[in-house]
Structures are given as structure tokens and as C-alpha cells.
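Enquirer: coordinates for the following, if possible.
(chains A and B)
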Amino acid sequence: DSGVTQTPKHLITATGQRVTLRCSPRSGDLSVYWYQQSLDQGLQFLIQYYNGEERAKGNILERFSAQQFPDLHSELNLSSLELGDSALYFCASSNGVLYGYTFGSGTRLTVV
Amino acid sequence: AQTVTQSQPEMSVQEAETVTLSCTYDTSESDYYLFWYKQPPSRQMILVIRQEAYKQQNATENRFSVNFQKAAKSFSLKISDSQLGDAAMYFCAYRSTGANSKLTFGKGITLSVRP
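Expert: Numbers count the residues shown, from 1 in each chain, chains lettered A, B, ... in the order given. Alright, predicted model coming up:
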């Protein structure tokens, strides 16, 4: 157990639907990062939050949004889903001092 | 913007042998961190080794070591005495020194280990 908890582990939904992915960071970590891993694109940075505030944005579609709550857990909302959104979505956390991230086990999203 | 390149999509090694995975990166920064992550079939991202750019000494973690060539912007991973459990996808990653900077990943290399 890495200490970063992602739910659900698997999600199957239809095109046009909306889903919410949840991430609880490791205890003490204030930063949360979301990444998308698809077969042909590798790991793509989506967005970062630090202590409730958005800090950086990557290749995140307008149909996607995220937030970090006062208890530091984060949610990634994906709407108007398309087949191409099928991917593994990772959350990672960092305490800003250590060099690397701690990753969750990911949410496998399948859009049918 | 920083970029990370892993030009070999796949590699194979015989069990107990040594293999080297290549990675190059591009940056204008003088200080930064480099990482190798392992992603086994379980899909969990596992930190293998990290290197601080200001350190000349190459990092080592048990059977894993790196060859860090700062001037050439090269950061290769050497796996000694390869084991079946080393079979996985390996990602090279770059991070600036800012406390909350993001990781930039290469596209990864799939390593298979032959028994």
C-alpha cells in the first residue's frame, strides 16, 4: 500500500456520461497530481493542486475538471465522455520536500 | 519546456544478465531531479531510483544503478542480475527543483526477462 488511495479501481461507462474519480493523498502530503495513461500517449500530466488551490495545468480537456477539498482529498470529474477517454487515471501526491511522487494504484476507465 | 525521450520501445534480457535502458532529456535548467519508475503488470507505479543533478556520483539501489551524464543529458538505468520480477514497463522522468513541480515522463520501455 503506497498510502495514496484511488477509487474506484475500475469504471465502465457509456459515451456521453459523467464520472468522478477520487483520490486520497498520503498522510501529510499537500500536493495532488493527476495523470492520464493511455496506450499511445504514455503518462500525460493533467492538473496539480496544492493545499486546495490549483497550481498547474497540463493537457487537460475542458470537459475535465478537478478540485481539492479541505481534507486534501481530490476529485477528477470527466464529463461528456468519449471512447478516447478510456485510459488509466493516476493520482499522485507529494509533500513538496521529497523528490518524487507517491502514486496510487490508478482508476481504469473504460468508455463503451 | 522539458522533454524526456526513451527511444527504445522494447528490450529483452536473459535472466541473471545485465541490461541497460536508455533515456535522454532536454532542459535549460542546471539543477533538477531524474527518476526511473517501474510499472509491472499490476499497473502500480513504483519508484526505482532517483538522481539529483547537482550530485556527480551515480545513484545506486541494490541491483539498480544509473549512468548520469549531465553534459550529454543522458540518464540510463542498469539492471544487474536480472530477475523475472524485473519484467515491466520502465519510465524515465524529469522534475524541476520547485517544491511542487510536476514530473515529465518519457514514453516508457517494455522490458521482458527470458528464463
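Enquirer: residue B:97 against residue B:34, yeah?
Expert: No: look at residue B:97 against residue B:34 with Cβ atoms under 8 Å: they stay out of range, at 11.7 Å. For the C-beta atoms, the positions are set from N, CA and C on the backbone; glycine is no exception.
Enquirer: those two: who's more crowded?
Expert: Between residue B:97 and residue B:34, counted using other Cβ atoms under 10 Å in any protein chain shown, the more crowded position is residue B:34 (25 against 14).
Enquirer: could you verify that that one is part of a strand?
Expert: Yes: judged by DSSP: H, G, I helix; E, B strand; the rest coil, residue B:34 forms part of a strand.
Enquirer: measure it to residue B:63 for me?
Expert: From residue B:34 across to residue B:63, the span is 19 Å (Cβ to Cβ, to the nearest Å).
Enquirer: list the contacts for the residue most central in space within chain B?
Expert: Closest to where the C-alpha atoms of chain B average out (Cα atoms, centre = their mean) is residue B:36, at 3.1 Å. Neighbouring residues of residue B:36 by Cβ atoms under 8 Å, 6 or more residues apart in numbering or on different chains: B:21, B:23, B:47-50, B:64, B:66, B:75, B:77, B:90-93.
Enquirer: run the last query once more with 10 Å
Expert: By Cβ atoms under 10 Å, 6 or more residues apart in numbering or on different chains, the residues touching residue B:36 are B:21, B:23, B:46-51, B:59, B:61, B:64, B:66, B:75-77, B:79, B:90-93, B:106.
Enquirer: so what pairs up with it in the strands?
Expert: Beta-bridge pairing for residue B:36 (DSSP bridges): residue B:49, residue B:92.
Enquirer: name only those of the contacts of residue B:36 that count as buried.
Expert: Buried members of the contacts of residue B:36, counted by 16 or more other Cβ atoms under 10 Å in any protein chain shown: B:21, B:23, B:47-51, B:59, B:64, B:66, B:75-77, B:79, B:90-93, B:106.
Enquirer: residue B:65: how many residues sit nearby?
Expert: 18.
Enquirer: please identify the helix or strand for the residue positioned nearest the centre of chain A.
Expert: Nearest to the geometric centre of chain A sits residue A:34, at 3.5 Å (Cα atoms, centre = their mean). In this structure, residue A:34 sits in strand A:31-38 according to DSSP states H and E.
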